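Trainee: Have a look at this prediction, sequence included:
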Amino acid sequence: MLPEITHRHLDIDGVRVFYRESRPDPADAPVLLLLHGFPSSSHQFRRLMDALGSRYRLIAPDYPGFGQTETPDGFTYTFDRLADVTEGFVRALGLTRFAMYVFDFGAPVGFRLAERHPEWIAGLVVQNGNAYTEGLSDGARDFVALRPETPGAEGTIRELLTLEGTRSQYETGVPDPSVIAPDGWTLDQHFLDLPGRKEAQVALAFDYHSNVARYERWQAWLREHTPPTLITWGSHDPFFPEPGARAYLRDLPEAELHLFDTGHFALETHLPEIAPLIGGFLDRVWG
């Protein structure tokens, strides 16, 4: 039987945050906050929520500038602001303890949240969410180095925001791309093509260097708080390659590491393997 999944909006400081939430029985089931990546939205967790939502309370918001979330005119798109809205969202739901799934952009959003409220974090599921310089590919380093004043920089970013660029993020590094349904990149591109969305992504791209500047702080946080951690990583990610997964073990030697023969969006190809790992992890952490 599929779980009950609700789809709602919450107003957080003028931002209408869209989110998906599973309704398990019992209502006090373990809670997992699902933080999506670029250029996706909570839609990327739809199959995971179907797989685990009957046993766990899974909550997946869309950030400002993504998916179904609506932002007011003049919203400033930085990772600090994404974290501000996510923090307000967590408070509005009354969450005081949860595990956190951080993927891609979800890592800089989630680690900011963890720095502000370590008492909230019961555990981490890290899936191609980077926090180490060795986890940056050459292409990612070039991307991080882009600045608004650099000639051609905005054009380079906008090339990623095309259908070809979006599809490549799903398929690069995947041995058999035919196993990936086209729904993900098609829906992502629909949202990217909405008015103002490309400008939001350009602003976030130019702010990405602020995340790399915080890596040492986040690593120190991991060493200090030693959250139980499950790492599931697509080894052939063109942005965040395998060394970024192994680097976590330096600060979290007790972390559980699983590498998969796939690219960036590992859930698209390895959900049957990853979902049980997450379920077992939540049972251990919550217990």
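Mentor: Cool, got the structure.
Trainee: When you work out contacts or count neighbours from here on, use the C-alpha atoms and nothing else.
Mentor: OK.
Trainee: how about the helices in this protein?
Mentor: Ranges of helices in the chain, per DSSP state H, are 46-52, 79-93, 106-116, 138-144, 153-160, 163-171, 183-192, 197-207, 209-212, 215-225, 243-251, 266-286.
Trainee: In CSV, list these along with mean neighbour count.
Mentor: Formatted as CSV, these follow (neighbours: other CA atoms under 10 Å):
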stretch, mean neighbour count
helix 46-52, 18
helix 79-93, 18
helix 106-116, 22
helix 138-144, 15
helix 153-160, 15
helix 163-171, 18
helix 183-192, 18
helix 197-207, 19
helix 209-212, 18
helix 215-225, 16
helix 243-251, 19
helix 266-286, 17
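Trainee: Now render those helices as TSV, adding mean pLDDT and distance to Asp73.
Mentor: Below are these laid out as TSV (pLDDT from 0 to 100; distance: least, CA to CA, whole Å):
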stretch	mean pLDDT	distance to Asp73
helix 46-52	97	29
helix 79-93	98	14
helix 106-116	98	22
helix 138-144	95	27
helix 153-160	96	21
helix 163-171	97	26
helix 183-192	97	17
helix 197-207	98	11
helix 209-212	98	24
helix 215-225	98	31
helix 243-251	98	37
helix 266-286	97	34
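Trainee: how about those, which one is nearest Val15?
Mentor: Of all those, it is helix 79-93 that lies closest to Val15, at 7.8 Å by CA to CA.
Trainee: Kindly spell out which helices and strands sit in contact with that closest one.
Mentor: Counting contacts by 3 or more CA pairs under 8 Å, 6 or more residues apart in numbering; DSSP states H and E, helix 79-93 packs against strand 5-12, helix 106-116.
Trainee: contacts for that helix?
Mentor: Helix 79-93 is contacted from outside by 10, 12-13, 15, 17, 63-64, 108-110, 112-113, 204, 207-208, 210-211, using CA atoms under 8 Å, 6 or more residues apart in numbering.
Trainee: Now do the contacts for Arg47.
Mentor: Applying CA under 8 Å, 6+ apart, the residues near Arg47 are Leu271.
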